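Asks: Quick one, structure for this:
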Amino acid sequence: MKIEWAAAALAAALLTGCAGVTSGVGAAGQAGAFASGAHGYGFARTDAQADNAEYKQIEALVHDELARRGFDAQPLKDAPYRLSIAYATQPAAVAVATDACGDAKGETSAKGENGENGEKGACTGVDGPAPFLSFFGKVYRHTLTLRFVDAKTNAQAYRVSAALQDREPGSLEAAPALVKSALAKLPFDAGGRWLVKTKKDDAGGMPGVVSVKPADAR
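Replies: Numbering: from 1, shown residues only. Sure, this is the predicted structure:
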């Protein structure tokens with residue numbers, strides 16, 4: 001019986017990989033964010049992030065995806081926006097989704113099993129669906145939050161958060177799908193809740209976006 005369940009779980013995992021991954025995405029921000037055409041940003045790293053190898057890999061994914069969107073990385077002192085990255089991984093059973101996902105200062109955070117990786121923390125405004133046969137084995141929730149802060153006013157200009165669930169305890173496996181989902185639109189409509197489906201690139205590159213749908217329509 002155990003062998004049959006194990007075979008079913010393996011088949012489900014393989015089917016999920018072929019079908020793609022769905023992330024929940026939520027966004028908030030000022031009206032007309034980025035409308036002025038200012039697309040320069042600098043990474044605002046915490047002291048802990050500065051020498052963290054895992055963080056550097058996620059930052060590189062964000063940098064490259066933003067470049068595809070026409071955003072230019074600049075020295076922090078010269079950039080019109082300061083961009084902070086927060087991510088976390090925790091067992092899905094204990095994670096709490098928060099519709100508000102913090103206030104304008106982004107004070108709602110999620111501490112992961114692997115630690116909180118960001119000054120304000122990653123938040124979960126819209127959850128991704130659980131894996132098929134989620135009752136079989138441990139399921140983890142991965143979250144990523146990107147915050148753009150106006151360097152002149154110190155106000156949050158735009159925040160987007162993405163969350164997905166899978167069976168991987170580490171953050172890096174989920175990072176490409178989270179980054180691609182969070183930046184599938186830039187910006188997403190403020191206050192919007194979305195489900196973004198991505199599919200892994202067979203050549204090993206960033207996943208592609210399959211669909212973007214309102215979360216309330218599911």
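Asks: how close does residue 209 get to residue 25?
Replies: 11 Å (C-beta to C-beta, to the nearest Å). C-beta here means a position set from N, CA and C on the backbone, and glycine is covered the same way.
Asks: So which of these two has more stuff around it?
Replies: For residue 209 versus residue 25, the count of surrounding residues by other C-beta atoms under 10 Å is larger for residue 25: 28 against 17.
Asks: mind showing which ranges of the protein have poor pLDDT?
Replies: 1-19, 95-122, 124, 133-136, 217-218 (pLDDT under 70).
Asks: what ranges do the strands span in the chain?
Replies: Assigned by DSSP state E, the chain shows strands spanning 21-29, 40-43, 72-73, 81-91, 140-150, 156-166, 193-199, 208-214.
Asks: quick revisit: name all residues that sit in contact with residue 209 and residue 25 at the same time.
Replies: 181, 184, 196 (C-beta atoms under 8 Å, 6 or more residues apart in numbering).
Asks: ok, the second one - contacts?
Replies: This means residue 184. Residue 184 is in contact with 25, 194, 196, 198, 209, 212, counting by C-beta under 8 Å, 6+ apart.
Asks: mind listing what residue 213 touches?
Replies: Contacts for residue 213 (C-beta under 8 Å, 6+ apart) come out as 194, 195, 197.
Asks: got a list of what the first one touches?
Replies: If I follow you right, that is residue 194. Shown in contact with residue 194 (C-beta under 8 Å, 6+ apart): 24, 25, 26, 27, 126, 184, 188, 212, 213, 214, 215.
Asks: Which residue ranges of this protein form helices?
Replies: 2-19, 47-50, 53-68, 175-182 (DSSP state H).
Asks: Can you check what angle separates the third one from strand 140-150?
Replies: If I follow you right, that is helix 53-68. Orientation note: helix 53-68 sits at an angle of 60 degrees relative to strand 140-150 (axes from the mean of the first three to the mean of the last three C-alpha atoms, to 10 degrees).
Asks: And the contacts of helix 53-68?
Replies: Applying C-beta under 8 Å, 6+ apart, the external contacts of helix 53-68 come out as 41, 43, 45, 49, 73, 83, 85, 87, 117, 144, 146, 171-172, 175-176, 179-180, 183, 186, 206.
Asks: and that helix, which residues are buried?
Replies: If you call a residue buried by 16 or more other C-beta atoms under 10 Å, then helix 53-68 has these buried ones: 54, 55, 58, 59, 61, 62, 65, 66.
Asks: Turn the residues you listed into TSV, columns for distance to residue 165.
Replies: What follows is these, written out as TSV (distance: C-beta to C-beta, whole Å):
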residue	distance to residue 165
54	20
55	22
58	18
59	23
61	19
62	21
65	21
66	25
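Asks: Phi first, then psi, for residue 70.
Replies: The phi/psi pair for residue 70 (degrees, to the nearest 10) reads phi 90, psi 20.
Asks: Kindly apply the preceding question to residue 75 instead.
Replies: In terms of degrees, to the nearest 10, the main-chain angles of residue 75 are phi -60, psi 140.
Asks: Run a quick neighbour tally on the closest residue in space to it that isn't next to it in sequence.
Replies: Once flanking residues are discounted, residue 75 sits nearest to residue 42: 6.0 Å by C-beta to C-beta, 6 or more residues apart in numbering. Neighbours of residue 42 under the rule other C-beta under 10 Å: 18.
Asks: who touches residue 42 in this structure?
Replies: So residue 42 contacts 73, 74, 75, 76, 77, 78, 79, 81, 82, 83 (C-beta under 8 Å, 6+ apart).
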